[in-house]
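**Student:** the following comprises the amino acid sequence and a computationally predicted model.
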Amino acid sequence: MQSIGRIWDFIQDQVLGMRWLNALIGDGLSALGLDISNRWVGSLQFFLYDVIKIVVLLCTLIFIISYIQSYFPPERSKRILTRFRGVWANILAALLGTVTPFCSCSSIPLFIGFTSAGLPLGVTFSFLISSPMVDLGSLVLLMSIFGARVAILYVLLGLVIAVIGGTLIEKMKMESQVEGFIFAAGGVDIESPSLTRKDRLRYAREQTAATFRKVFPYILIGVGIGALIHNWIPEDWVAAVLGSRNPFGVVLATLIGVPMYGDIFGTIPIAEALLAKGALLGSILAFMMAVTTLSLPSLIMLRKAVKPRLLALFIAICTLGIIIVGYVFNLLQAVIL
């Protein structure tokens, strides 16, 4: 068991966390005559390390997940979901969300397509909540910083929010709160072409390139903010706002995250820096969930498809779920981190 533990620690620290890369960059800066204990040089080291690490993980994960996703085009996903009823349909929709786009704005067109095709509204909302919040990329990225237990629990609780949220929306019979053009469009069954292995690899490469171009600016912004927090923001400030001294830190982190637009790749460096400065785990994860699930641009897009009452219910369910999850992580931090 000890050897297995050492192997896993190596994978987490050196493969996923790429600690060797941080040491290599530090040695390189020192070889150039720069003092890495200096704040400016430390910020540069943090920036270079996190940008390279996240880009490598980003491209690897998107390629793998896109290859898997090629087996689940919207038409096939719809056929799979129509075979299930009740909470099992919600669970399956939430699970399908883990192998789909990496941000909420990319998930909304699929949500509209599923709804117009006649899938139950609660099922499509389970997909919409799950897709940006708990994709497979988030599992691996969270492992690289917080470890396997935190990452797995994060994904499981995110799926619980998606299933419960979709089930509540279904029980409240909110179909009248969907804009008329969605149902008027109807569903058109288009048989997906049969893809060869070469086609799937090409699709994965194209998706990787397209997603990289889309999210890279947010990675730079996120790493820049992370470098600022890591080297310039006093630890007492972070602890006072998001640490144990503020019982409302989770609520504050959630409300701060909602207006922002980003994805898991852009929030990871911020989360990493906040953890190092003494922020509580639950506050950090609540911020990440809010940014990826309830960003203002995605809510504006969603408003074009649903009426204000349903939009408000969606926001309320997600916000309450995120806050509860945040406090759960705060309570368990000493055990799982």
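**Tutor:** That came through fine. Numbering: from 1, shown residues only.
**Student:** and residue 171, how many neighbours?
**Tutor:** 9 (other C-beta atoms under 10 Å). All C-beta atoms are positioned from the backbone trio N, CA, C, and that covers glycine.
**Student:** which residue packs closest to it, ignoring adjacent ones?
**Tutor:** residue 122 (7.4 Å; C-beta to C-beta, 6 or more residues apart in numbering).
**Student:** give me every residue that touches that neighbour.
**Tutor:** Going by C-beta atoms under 8 Å, 6 or more residues apart in numbering, residue 122 touches 90, 166, 167, 168, 169, 170, 171.
**Student:** pLDDT and secondary structure added to the residues you listed, as CSV?
**Tutor:** Below are the contacts of residue 122 laid out as CSV (pLDDT from 0 to 100; DSSP: H, G, I helix; E, B strand; the rest coil):
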residue, pLDDT, secondary structure
90, 92, helix
166, 94, helix
167, 94, helix
168, 94, helix
169, 93, helix
170, 92, helix
171, 92, helix
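**Student:** and the furthest pair within those residues?
**Tutor:** 90 and 171 (10.9 Å; C-beta to C-beta).
**Student:** ok, back up a step: quickly find the element holding the residue nearest to residue 171.
**Tutor:** Using DSSP states H and E, residue 122 maps to helix 121-133.
**Student:** quick one: that helix to chain centroid distance?
**Tutor:** 13 Å (C-alpha atoms, centre = their mean, to the nearest Å).
**Student:** for the helix or strand following that helix, packing partners?
**Tutor:** Scanning forward in sequence from helix 121-133 by DSSP H and E, the next helix or strand is helix 136-146. Judged by 3 or more C-beta pairs under 8 Å, 6 or more residues apart in numbering; DSSP states H and E, the packing partners of helix 136-146 are helix 39-69, helix 148-171, helix 264-276.
**Student:** quick check: buried residues in helix 136-146?
**Tutor:** For helix 136-146, the buried set under the neighbour-count rule, 16 or more other C-beta atoms under 10 Å, comprises 136, 137, 138, 139, 140, 141, 142, 143, 144, 145, 146.
**Student:** just the closest of those to residue 23, please.
**Tutor:** residue 144 (15.7 Å).
**Student:** distance from the chain centre to stretch 23-31, please.
**Tutor:** 31 Å.
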